[in-house]
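Asker: Quick one, structure for this:
(one chain, ligands or ions: 1)
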Amino acid sequence: MELPRKILVGDNVISELGNFITDINNRISSVVIISGETVRNKIEDNIKKSFEKSHISNYWFTRKDASFETVSRIKIEIEELKPDIILGIGGGKSVDVGKMIAYSIRKSFISIPTSASHDGISSPFVSLKGSNKPHSIKVNTPIGILADIKLISEAPPRLLSSGCGDLIGKLTAVKDWELARDDNNEYFGAYSAYLAKLSADIIMNKSKELLLNEYGVRTIIEALISAGVAAGIAGSSRPCSGSEHLFSHALEYITDGNCGLHGERVGLGTIIMSKLYGMDFERIIAVLENVKAPVKANQINLTEKDVVQSLLIAQDMRPERYTILSKTKLDKKSAYELAKSAKVI
Ligand SMILES: [Zn+2]
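Answerer: Alright, predicted model coming up:
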């Protein structure tokens, strides 16, 4: 099991970043920070002051995208700086790029999310553009996670809704894992499965309150961190990613990424897969509506054809990951009927 050593969640904790790092290891004296430009403009002054107090030298890299090309380009420069640790600050891409670079130059990584849009914040997985694998790659679990609720609350609300979609996806991900255990004798980690399901259940049970105030933001970010930790405990993305994620990867593949946010697609996938499992998919629709996440394909500009096509190729995205789609042989007609009956199209 790989677990984070320190997690700090709270208002304005970003100004305590220096202390947070020296608490993890008091020999850390130099860091490399990776972020996007907007985030940098917003918080650089604040962070620099905190580093000054803790006597930590810092180098800032502004990344433009989250591709393998970007990773290999800035990795060389970063390695020459010989930092003690790598920090990724941002919505998802900077965290992924930072996590990947830290892994490839064998440094520890601290994750500092500025939005609560997916569970990559704390998991040992990254997804980068330009990979021939549409799904994520396993790296190391972040050693620390610092989540500033005030900062995350200022992100566009759509990102928060997307985070809820990614969390609700754990319901079908865990079902798929149970199915793989029962049909294929696959290893099943009861504890990590339970933890992942718990992070979905809290969204299911509190969906009406989540968008009302900062307590809701805190709940969502804590659930996302827990889900990522569940993947760290399992040593695989199994508890967090099943057929609903394969459907999302397929949508990305056929639309070349023009298909809404990760958690929005996962939410739609969860509606369809829960229908396939005979679960109460209407309740999942109601919860997604409560958190203002899309429940219809056209809300994220997807056509009926995109949905049907994605259902047909979803399992091919990762044939070795046994899911409900492995045993449900869909053709064009039955895929259409499934999406229609789940009210996604
Ligand atoms: Zn996800």
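Asker: Ala200 and Lys170, how far apart?
Answerer: Taking Cβ to Cβ, to the nearest Å as the measure, Ala200 and Lys170 are separated by 4 Å. In this view, the C-beta of every residue, glycine as well, is placed from N, C-alpha and C.
Asker: What of Ser192?
Answerer: Ser192 is 11 Å from Lys170, by Cβ to Cβ.
Asker: Please enumerate the shared neighbours of these two.
Answerer: Both Ser192 and Lys170 are contacted by Pro239, under the criterion Cβ atoms under 8 Å, 6 or more residues apart in numbering.
Asker: more neighbours, these two?
Answerer: More crowded of Ser192 and Lys170, by other Cβ atoms under 10 Å: Lys170, with 31 against 24.
Asker: how about low-confidence regions in the stretch 1-150 of the chain?
Answerer: 131-135 (pLDDT under 70).
Asker: if we go to 50?
Answerer: Nowhere does the stretch 1-150 of the chain drop to pLDDT under 50.
Asker: Tell me where it has strands.
Answerer: Counting by DSSP state E, counting those that start in this stretch, one finds strands in the stretch 1-150 of the chain at the ranges 6-10, 30-35, 57-62, 85-90, 108-113, 125-126, 137-138, 144-148.
Asker: how far out from the middle of the chain is the fifth one?
Answerer: This means strand 108-113. Its chain's average C-alpha position is 14 Å from that of strand 108-113, according to Cα atoms, centre = their mean, to the nearest Å.
Asker: Ile246 and Ser310, how far apart?
Answerer: Slight slip there: residue 246 is Leu, not Ile. Using Cβ to Cβ, Leu246 is found at 9 Å from Ser310.
Asker: Repeat that for Gly235.
Answerer: According to Cβ to Cβ, Gly235 and Ser310 sit 28 Å apart.
Asker: Of the two, which one has the most company?
Answerer: Neighbour tally, Gly235 and Ser310, criterion other Cβ under 10 Å: the higher count belongs to Ser310, 29 against 15.
Asker: need the contact list for that one.
Answerer: By Cβ under 8 Å, 6+ apart, the residues touching Ser310 are 247, 250-251, 253-254.
Asker: list the contacts for the residue lying closest to it once chain neighbours are set aside?
Answerer: What sits nearest to Ser310 in space, not counting adjacent residues and going by Cβ to Cβ, 6 or more residues apart in numbering, is Ala250, at 3.8 Å. With contact taken as Cβ under 8 Å, 6+ apart, Ala250 is in contact with 134, 309-311, 313-314, 316-317.
Asker: The stretch 51-200 of the chain: helices as residue ranges?
Answerer: 68-81, 93-104, 149-153, 157-168, 170-184, 190-206 (DSSP state H, counting those that start in this stretch).
Asker: Distance to Ser50 for those helices - can I get that in TSV?
Answerer: Formatted as TSV, the helices of the stretch 51-200 of the chain follow (distance: least, Cβ to Cβ, whole Å):
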stretch	distance to Ser50
helix 68-81	20
helix 93-104	18
helix 149-153	13
helix 157-168	25
helix 170-184	34
helix 190-206	30
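Asker: Burial check on Lys48, number of neighbours?
Answerer: By the measure other Cβ under 10 Å, the count of residues near Lys48 is 16.
Asker: Am I right that it is in contact with Asn58?
Answerer: Yes - between Lys48 and Asn58 there is a contact under Cβ atoms under 8 Å: 7.1 Å.
Asker: tell me the mean pLDDT for stretch 325-332?
Answerer: Mean per-residue pLDDT for stretch 325-332: 95.
Asker: for stretch 285-297, same thing?
Answerer: Taken as a whole, stretch 285-297 has a mean pLDDT of 98.
Asker: Name the residues of that stretch that come out as buried.
Answerer: 285, 287-288, 290-291, 293-295, 297 (16 or more other Cβ atoms under 10 Å).
Asker: That one: end-to-end distance?
Answerer: 12 Å (Cα to Cα, to the nearest Å).
Asker: So which residues make contact with it?
Answerer: With Cβ under 8 Å, 6+ apart as the test, stretch 285-297 has contacts from 157-158, 160-162, 164-165, 168, 203-204, 207-208, 210-211, 260, 263-264, 267-268, 271, 300, 303-304, 306-307, 339, 343-345.
Asker: what do you get if the cut-off is 7 Å, keeping everything else the same?
Answerer: Stretch 285-297 has contacts (Cβ atoms under 7 Å, 6 or more residues apart in numbering) with 157, 161-162, 164-165, 168, 203-204, 207-208, 210-211, 260, 264, 267-268, 271, 300, 304, 306-307, 343-345.
Asker: Equivalent analysis for stretch 85-102, please.
Answerer: Residues outside stretch 85-102 that contact it (Cβ under 7 Å, 6+ apart): 21, 28, 31-36, 39, 63, 65-66, 70-71, 74-75, 78, 107-115, 117-118, 120-121, 126-128, 139, 142, 155, 159.
Asker: Only the buried residues of it, if you could.
Answerer: In stretch 85-102, counting by 16+ other Cβ under 10 Å, buried: 85-102.
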